[in-house]
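1. Just a sequence and a predicted model for now, questions to come.
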Amino acid sequence: MSTHLSPAAARRVLLLLSATRWLPVGFVIGVFTLFALERGLTVQQTLTYGAAQGIMVLLLELPTSGFADAFGRKAVLVAAGVVNIVASVLYLTATTFWQFALAAGFLGIYRALDSGPLEAWFVDTVHLTEPGADVDQALAAQGTVVGVAIAGGSLASGGLILWHPFEDDSAIALPIVVSIVFAVAHLVLTLTMVHEPRQPSQATRARQALDSAKDTPQVIGDGLTLLRHNRVLAGLVGVELFWVIGMVVFESMLPIRLAEMLGSTTDAGALLGPVAAGGWAVFALGSVVAGRAMRRWGVVRAAIAARVLNGLGAAVMGLMLGPVGLVGAYLVTYMLHGVGGAPHSALLHREASARNRATVLSINSMVMQAGGSVAAPALGALAATTSVQAAMVVAGLVSVLGAFLYLPALRGEKSRALGAEDPEVAPSQG
């Protein structure tokens, strides 16, 4: 008897597992940072230990990209779920810098494994019964579910910290415990709800995985060659190095600054829950604004404006002297973060082709991870020698400089526009 799910059933599984995968994330957004401070880490150590996550993703993203194809989507999803639980438990029990770094490293392994197999399983399952069927609406619905799940988890996290039912224990630890419970539930649902056709033998799958890992140096080499011969693409990927500097401000330094202002990691954690939920709401609004901005000003100009304003927003966050002003600046900055995502992605796809699209997207992601692994510790060192405020302002202003790397794309967009207007030039562009 066939275990293939119908497209409608596969869609339900996709949305449910997307919700249970991202709900635990909502519980711990910003909480890991506050928990490290509460456990005695300095600001510099707190901003540095997370580099282990970026390093692991950087090292493993391409080598693990073929694992789901070789071992099956379900096997990789289950392995990712187990690693996620281990990472969360390590965070909960960490008391030193190196223990937090170990937890962050496991979280990086999890994210490398978890990148893509659920969506790939869904598309494959749908195409078993409806070959070539369009799945864009289901994937769009997935994005909505993810946003709602994270926002819901963030609100619940703030409520749990405010409630603090176990006064002898850390209030910030409770959301981490709850996130582990939901992570276990997600693993159980994955085991019971994801069904695949019979897989090849273990030996065959191991050989396929090894071949995929062996291809990694070639993929990286091809990507570097692509960047060397495409100035527009090199500029777009370079933008990520500056973008991630601003991200450190509104994702990692926000909880630290809130704790400074409120004088308590617990109070900061209670406030951070609804603030993070609001951030995801305005991020979605920013995506809507991006669509209108691209239609009105063009894709590149919209990207430049978002990069400049987002960086300035991060700098303004550092200038705020009270929690109300800081939260307000954060919400505006995070909305602008959402504005920048769509045009940047559109420009990457414009420079990529079917032959190298996956490589282009992976390189863009890897550069962001590498940049974050350097930027966060550097800003931590700056905060230690000056202040958290000064580090936030400097990071925001440096982030603005990434807008200049969009200029090759702007010149290319102008050339395409001129070519489209000139019937003798246009054919040579295609």
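-> Yep, that arrived. Residues are numbered from 1 along each chain as shown.

2. remind me which residues of the chain are low pLDDT?
-> By pLDDT under 70, the low-scoring segments of the chain are 1-3, 63-71, 132-134, 136, 140, 197-220, 222-223, 354-356, 358, 416-430.

3. Would you tell me which helix is longest in it?
-> Assignment by DSSP state H gives helix 265-297 as the longest helix of the chain.

4. Going by neighbour count, list what's buried in that one.
-> 265-284, 286-287, 289-290, 293-294 (16 or more other C-beta atoms under 10 Å). The C-beta positions use only the backbone N, C-alpha and C, and glycine is treated the same way.

5. now that helix, how far from the chain's geometric center?
-> 14 Å (C-alpha atoms, centre = their mean, to the nearest Å).

6. cool, and stretch 257-271?
-> That offset, for stretch 257-271, works out to 24 Å (C-alpha atoms, centre = their mean).

7. do the same with stretch 296-304
-> Worked out by C-alpha atoms, centre = their mean, stretch 296-304 lies 23 Å from the chain centre.

8. Can you classify residue 62 as helix, strand or coil?
-> With DSSP: H, G, I helix; E, B strand; the rest coil as the basis, residue 62 sits in coil.

9. That one against residue 361, yeah?
-> No: in this structure, residue 62 is not within contact of residue 361 by C-beta atoms under 8 Å, at 11.3 Å.

10. neighbour count winner among those two?
-> Comparing residue 62 with residue 361 by other C-beta atoms under 10 Å, the one with more neighbours is residue 62, at 23 against 14.

11. Would you quantify the distance from that one to residue 239?
-> Distance from residue 62 to residue 239, counting by C-beta to C-beta, to the nearest Å: 21 Å.

12. again with residue 382
-> Taken as C-beta to C-beta, the span from residue 382 to residue 239 is 22 Å.

13. out of those two, which sits in the more crowded spot?
-> Using other C-beta under 10 Å, the more surrounded residue of residue 382 and residue 239 is residue 239, with 27 against 18.

14. quick one: buried residues of the host helix or strand of the more buried one?
-> Using DSSP states H and E, residue 239 sits within helix 231-247. Going by neighbour count (16+ other C-beta under 10 Å), the buried part of helix 231-247 is 232-247.

15. How about stretch 105-122?
-> With burial defined by 16+ other C-beta under 10 Å, the residues of stretch 105-122 counted as buried are 105-115, 117-119, 121-122.

16. contacts for it?
-> 10-11, 13-14, 17-18, 21, 52-57, 60-61, 64-65, 67-68, 73-74, 76-77, 79-80, 83-84, 86-87, 90-91, 135, 138-139, 142, 194, 196 (C-beta atoms under 8 Å, 6 or more residues apart in numbering).

17. That one: how far from the chain's middle?
-> Put simply, stretch 105-122 sits 12 Å off its chain's centre (C-alpha atoms, centre = their mean).

18. again with stretch 305-314
-> 19 Å.

19. How about residues contacting it?
-> Outside stretch 305-314, the residues touching it (C-beta under 8 Å, 6+ apart) are 239, 242-243, 246, 249-250, 290, 293, 297, 329, 332-333, 336-337, 339-340, 343, 392, 395-403, 406.

20. filter the residues you listed to the buried ones?
-> Of these, these count as buried by 16+ other C-beta under 10 Å: 239, 242-243, 246, 249-250, 290, 293, 329, 332-333, 336-337, 339-340, 343, 392, 395-400, 402-403, 406.

21. Out of the buried residues of stretch 105-122, which is nearest to residue 154?
-> Nearest to residue 154 among the buried residues of stretch 105-122, counting by C-beta to C-beta, is residue 107 at 17.7 Å.

22. In which helix or strand does that closest one reside?
-> With DSSP H and E as the test, residue 107 turns up in helix 97-114.

23. and after that helix, which helix or strand comes next?
-> helix 117-129.

24. Just give the number of residues close to the closest residue to residue 319 other than its chain neighbours.
-> Once flanking residues are discounted, residue 319 sits nearest to residue 393: 6.3 Å by C-beta to C-beta, 6 or more residues apart in numbering. Here the count is done by other C-beta under 10 Å, and residue 393 has 19 residues near it.

25. Can you name the residues that contact residue 284?
-> 147, 338.

26. Let me know the distance separating it from residue 272.
-> Residue 284 sits at a distance of 19 Å from residue 272 (criterion: C-beta to C-beta).

27. From residue 339, how far off is residue 387?
-> Distance from residue 387 to residue 339, by C-beta to C-beta: 29 Å.

28. I misspoke; the intended subject was residue 30.
-> Residue 30 is 22 Å from residue 339, by C-beta to C-beta.

29. follow-up on the earlier one: can you pull the contacts of the residue nearest to residue 319?
-> For residue 393, the contact set (C-beta under 8 Å, 6+ apart) comprises 315, 318, 319.

30. Just the buried residues of stretch 9-17, please?
-> Neighbour-count burial for stretch 9-17 flags 10, 11, 13, 14, 15, 17 (criterion: 16+ other C-beta under 10 Å).

31. Does the third one lie in a helix or a strand, and which?
-> Of the helices and strands defined by DSSP H and E, residue 13 is found in helix 7-28.

32. Convert that helix to PDB, retaining C-alpha atoms only.
-> Coordinates of the C-alpha atoms in helix 7-28 are reproduced here as PDB (Å, rounded to 0.1, in the frame of the first residue of the first chain):
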ATOM      1  CA  PRO A   7      -0.800  17.300  -2.200                       C
ATOM      2  CA  ALA A   8      -3.400  18.600   0.200                       C
ATOM      3  CA  ALA A   9      -2.200  16.400   3.000                       C
ATOM      4  CA  ALA A  10       1.500  17.200   2.200                       C
ATOM      5  CA  ARG A  11       0.600  20.900   2.400                       C
ATOM      6  CA  ARG A  12      -0.900  20.400   5.900                       C
ATOM      7  CA  VAL A  13       2.200  18.600   7.100                       C
ATOM      8  CA  LEU A  14       4.400  21.300   5.600                       C
ATOM      9  CA  LEU A  15       2.500  24.000   7.500                       C
ATOM     10  CA  LEU A  16       2.200  22.100  10.700                       C
ATOM     11  CA  LEU A  17       5.900  21.200  10.800                       C
ATOM     12  CA  SER A  18       6.900  24.700   9.800                       C
ATOM     13  CA  ALA A  19       4.900  26.000  12.800                       C
ATOM     14  CA  THR A  20       6.400  23.500  15.300                       C
ATOM     15  CA  ARG A  21       9.900  24.100  13.900                       C
ATOM     16  CA  TRP A  22       9.800  27.900  14.300                       C
ATOM     17  CA  LEU A  23       7.700  28.300  17.400                       C
ATOM     18  CA  PRO A  24      10.600  27.300  19.700                       C
ATOM     19  CA  VAL A  25      12.700  29.900  18.000                       C
ATOM     20  CA  GLY A  26      10.300  32.600  19.000                       C
ATOM     21  CA  PHE A  27      10.700  31.500  22.700                       C
ATOM     22  CA  VAL A  28      14.400  32.100  22.700                       C
END
